[in-house]
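**Q** coords below, sequence missing:
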């Protein structure tokens, strides 16, 4: 066992566009950053296919993970230090959990998880607890330390204050990614006064609260999050790229099951297809590997796979129209039939994509996705739930916004419209949505 308080002989810093500098003095943190499992995060984009919409969105989960670590470090070392509500023995555990919280993300995470029925949180846990360099470094603190880190990330750790630092409605994870994603996409929506928010944070029993004098900074954070989701994360062009990516993975999986003779065998996908994914297999997957296969599959004989890969690699994305499932589901069935008549497989070329977000909510016992509220610390020492004090937050509390779009290959339909009445009819129907 190694003394967990060991410091580096000289502080290490990472120059960061969001936080200025990321500071590392703990040898344990420095050793974790150097592990192969953490370095893998350099090869996984934070925003998946968003770079096809906002060309600057090339930043990685590596930089985001460092950012979350830095936010937690500032909170603990500069705000909570010496406060009676904070247990300093939890410092290193909190820093490790912040650094490693996204460790299990795969390439283009959400599409991969949907098609292959994976869960990045499952792999985060197994990287921390398995036969890995990360586990070896964590065990230098104590045999039970990896388990404690995993519990914080899984939100089962007994000290809920520690959990809330990286998993709550206003946490270090969100405070980093909103600003980082805004910076790299070039939008202004995600900017808020993080320094002010941290100055008014206070540890209170099992969660973080905010002095009422900082309410407007918290309001700004809530609205920044709302705007980022609808202007960036749910951007319809990004969702078009996600649709095509998902269809590629579905097609490859179907072809493998049919025994299709690939020119470029998907050896890195085999355990995914057979639903026998080992940790070692999973860690070999990153976005350069996936894009290599997509590039190779542009030359495949299967017309659908070839076309979809070409579309993704060359940003020839599907067009979209607004769609109302409750009112237009019969039209969708008719379109699927017409696509088949036109010789276009609707399973791969017609897709409804839905996005939904709940910008803020307070605790509602028994409901799905219960959310612990944001509490303000009032001058009299009592706590008040944020929406009770803020008219802005009250106006959006509990209000879920949902958006549906129908995606289709307009270029393919137009190329056939000169010789197929069916293609012209399909375009006419889509343009009247």
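**A** Received it, and whenever you're ready, just let me know what you need. Here the structure is a predicted model, which is why all the values come from computation and not from measurement.
**Q** Buried ones in stretch 256-276, by neighbour count?
**A** Across stretch 256-276, burial judged by 16 or more other CB atoms under 10 Å covers 256, 262, 266, 269, 271, 272, 273. Any C-beta I mention is one placed from the backbone N, CA and C, and that applies to glycine too.
**Q** Does residue 48 touch residue 111 like I think?
**A** Yes. Between residue 48 and residue 111 there is a contact at 7.4 Å, judged by CB atoms under 8 Å.
**Q** list residues touching both of those two?
**A** residue 242 (CB atoms under 8 Å, 6 or more residues apart in numbering).
**Q** ok, and the closest non-adjacent residue to residue 248?
**A** Residue nearest to residue 248 in three dimensions, not counting chain neighbours: residue 308, with 4.7 Å by CB to CB, 6 or more residues apart in numbering.
**Q** same thing with residue 295?
**A** Closest residue in space to residue 295, ignoring its immediate chain neighbours: residue 313 at 6.0 Å, by CB to CB, 6+ apart.
**Q** which residues touch whatever helix or strand the residue nearest to residue 248 lives in?
**A** For residue 308, the element it lies in under DSSP states H and E is helix 303-313. Counting by CB under 8 Å, 6+ apart, the neighbours of helix 303-313 from elsewhere in the structure are 241, 244-245, 247-248, 251-252, 255, 291, 294-295, 297-300, 316-318, 345, 348, 409.
**Q** Identify each buried residue in stretch 375-390, please.
**A** Of the residues in stretch 375-390, 375, 376, 377, 384, 385, 386, 387, 389, 390 count as buried by neighbour count, 16+ other CB under 10 Å.
**Q** just how off-centre is that stretch within its chain?
**A** Relative to its chain's centre, stretch 375-390 lies at 30 Å (CA atoms, centre = their mean, to the nearest Å).
**Q** will you turn the buried residues of stretch 256-276 into a markdown table that also has pLDDT, distance to residue 327 and secondary structure?
**A** A markdown table is the format used below for the buried residues of stretch 256-276 (pLDDT from 0 to 100; distance: CB to CB, whole Å; DSSP: H, G, I helix; E, B strand; the rest coil):
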| residue | pLDDT | distance to residue 327 | secondary structure |
| --- | --- | --- | --- |
| 256 | 96 | 38 | helix |
| 262 | 96 | 42 | coil |
| 266 | 93 | 40 | coil |
| 269 | 93 | 39 | helix |
| 271 | 93 | 42 | helix |
| 272 | 92 | 37 | helix |
| 273 | 92 | 38 | helix |
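**Q** Let me know the closest of those residues to residue 142.
**A** Closest to residue 142 out of these is residue 271 (32.8 Å), distances taken as CB to CB.
**Q** follow-up on the earlier one: what's the pLDDT at the residue nearest to residue 295?
**A** The per-residue pLDDT reported for residue 313 equals 98.
**Q** Could you do residue 355 as well?
**A** 88.
**Q** same thing with residue 230?
**A** pLDDT, residue 230: 89.
**Q** and residue 44, what does it touch?
**A** Going by CB under 8 Å, 6+ apart, residue 44 touches 60, 61, 62, 105, 106, 107, 109, 286, 287.
**Q** Chain neighbours aside, what residue packs nearest to residue 300?
**A** Leaving out its chain neighbours, the residue that sits closest to residue 300 by CB to CB, 6+ apart is residue 306, at 4.9 Å.
**Q** can you pull out the helices in the stretch 51-200 of the chain?
**A** Assigned by DSSP state H, counting those that start in this stretch, the helices in the stretch 51-200 of the chain fall at 61-74, 91-100, 109-116, 120-129, 133-139, 145-154, 160-166, 172-185, 194-199.
**Q** Single out the most deeply packed of these.
**A** helix 91-100 (a mean of 25; mean count of other CB atoms under 10 Å).
**Q** any idea how far that helix is from the chain center?
**A** 19 Å.
**Q** Give the buried residues for stretch 305-322.
**A** Using 16+ other CB under 10 Å as the test for burial, stretch 305-322 gives 305, 307, 308, 309, 311, 312, 317, 318, 319, 320, 321.
**Q** ends of it, how far apart?
**A** Counting by CA to CA, to the nearest Å, you get 26 Å between the two ends of stretch 305-322.
**Q** quick one: secondary structure of residue 5?
**A** Assigned with DSSP: H, G, I helix; E, B strand; the rest coil, residue 5 falls in the coil class.
**Q** and the gap between it and residue 27?
**A** Residue 5 sits 9 Å away from residue 27, going by CB to CB, to the nearest Å.
**Q** So residue 428: helix, strand or coil?
**A** Classified using three-state DSSP, residue 428 is helix.
**Q** where do the strands sit along the stretch 201-350 of the chain?
**A** Under the criterion DSSP state E, counting those that start in this stretch, strands of the stretch 201-350 of the chain are mapped to 201-204, 207-211, 319-322.
**Q** related to what we said a few turns ago, local confidence estimate at the residue nearest to residue 248?
**A** Value for residue 308, per-residue pLDDT: 98.
**Q** and for stretch 158-169, what are the contacting residues?
**A** Outside stretch 158-169, the residues that touch it by CB under 8 Å, 6+ apart are 68, 72, 75-76, 85-87, 90, 93-94, 97-98, 101, 151-153, 155, 157, 171-173, 203, 205-208, 360, 371-374.
**Q** what about the chain, any weak spots by pLDDT?
**A** Scanning the chain for pLDDT under 70 picks out 1-4, 361-371, 417-420.
**Q** do you know how far the closest residue to residue 35 other than its chain neighbours is from residue 277?
**A** The spatially closest residue to residue 35, leaving aside those adjacent along the chain, is residue 133, at 3.9 Å (CB to CB, 6+ apart). Counting by CB to CB, the gap from residue 133 to residue 277 is 20 Å.
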